[in-house]
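Asker: coords below, sequence missing:
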């Protein structure tokens, strides 16, 4: 359904994709900041990008150049007609394209910053697509626009090349810092995102595509199937009891994100959460992510 990508050709969305529109600042641990925005693409940059994807364009420095908006619109039109739009978006959102703005920080910090910035940008694009009943999602390495199921936006996290224990500790530390600042909603969101990213990572390690449902419970079910994590009579009863509790952790984190996190507006079902409960969610998610990573490593 490549024609759906025509929805990205609105001036508002093009202004996001070419780096004109910004959504505040992302702060690193050393207190330096970068804008939450796509890398700024000059007219010359856009011509180079067009040429790279098979639409040769030469930028005119002596007048006669098109507007930046028009360069990108022409490129989108070309890529849609030639079934290259997913590849174009994958290139534009890739970590490499953010190298100039994220340079100078540690590997884990760069990956986390890239993940956060990209997720925010896609959420803003989906806000513009929402009233038309569509959403932009990333499934593995492919970008897709499809109808929203049940009028609920679920953004599938972009693929992260590597999930390791340093990354898990970094996300958990940030979530704990949120709790110390009484931002329990953000802490819960990070907990859920950590589990979703870890599940997607280990699924992709089996050369499988994560479920595109946005349902974390379905992702966990896929992990259990791929890694034979079902309880059996050959496993110590106490281990089986512990493993069965993992289902409860996943269900609780998913449910809390729906009702109590910052991913949705305040509604009648929203319940206040206390600090010690937020800490329990963060610690449970960290332990769960670490365990799933260990399972993947022991099966590689």
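Answerer: Perfect, thanks for sending it. The structure displayed is predicted, hence computed values, not measured ones.

Asker: you'd agree residue 105 is in a strand?
Answerer: No. Counting by DSSP: H, G, I helix; E, B strand; the rest coil, residue 105 is not found in a strand; it is coil.

Asker: so who does the closest residue to residue 98 other than its chain neighbours touch?
Answerer: The shortest distance from residue 98 to any non-neighbouring residue, by Cβ to Cβ, 6 or more residues apart in numbering, is to residue 114 (5.5 Å). For the C-beta atoms, the positions are set from N, CA and C on the backbone; glycine is no exception. Contact analysis of residue 114 by Cβ atoms under 8 Å, 6 or more residues apart in numbering lists 95, 98, 102.

Asker: what's the closest of those residues to residue 141?
Answerer: Of all the contacts of residue 114, residue 95 has the smallest distance to residue 141: 12.3 Å, by Cβ to Cβ.

Asker: quick check: which ranges of the stretch 151-300 of the chain have low pLDDT?
Answerer: For the stretch 151-300 of the chain, the stretches with pLDDT under 70 are 151-161, 212-214, 230-236, 254, 256-271, 300.

Asker: then the stretch 1-150 of the chain?
Answerer: Residues of the stretch 1-150 of the chain meeting the criterion pLDDT under 70: 1-2, 62-64, 140, 149-150.

Asker: show me where it has its helices.
Answerer: With helices called from DSSP state H, counting those that start in this stretch, the stretch 1-150 of the chain shows them at 11-17, 43-52, 68-81, 85-92, 99-102, 107-129.

Asker: could you give the angle of the fourth one to helix 68-81?
Answerer: Taking axes from the mean of the first three to the mean of the last three Cα atoms, to 10 degrees, one finds helix 85-92 and helix 68-81 inclined to each other by 130 degrees.

Asker: would you mark the buried spots in helix 85-92?
Answerer: Across helix 85-92, burial judged by 16 or more other Cβ atoms under 10 Å covers 85, 86, 88, 89, 90, 92.

Asker: the helices of the stretch 1-150 of the chain: which one's closest to residue 167?
Answerer: For the helices of the stretch 1-150 of the chain, proximity to residue 167 was assessed by Cβ to Cβ; helix 107-129 is nearest, at 5.5 Å.

Asker: show me what counts as buried in that closest one.
Answerer: Within helix 107-129, the residues scored as buried using 16+ other Cβ under 10 Å are 108, 110-115, 117-122, 124-126, 128-129.

Asker: please parse this protein into its domains.
Answerer: Structurally, the chain divides into domains by automatic domain parsing as follows: 2-151, 165-298.

Asker: hang on, the earlier thing: in CSV: the helices of the stretch 1-150 of the chain, plus distance to residue 285.
Answerer: Compiled in CSV, the helices of the stretch 1-150 of the chain are given as follows (distance: least, Cβ to Cβ, whole Å):
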stretch, distance to residue 285
helix 11-17, 30
helix 43-52, 38
helix 68-81, 38
helix 85-92, 28
helix 99-102, 25
helix 107-129, 15
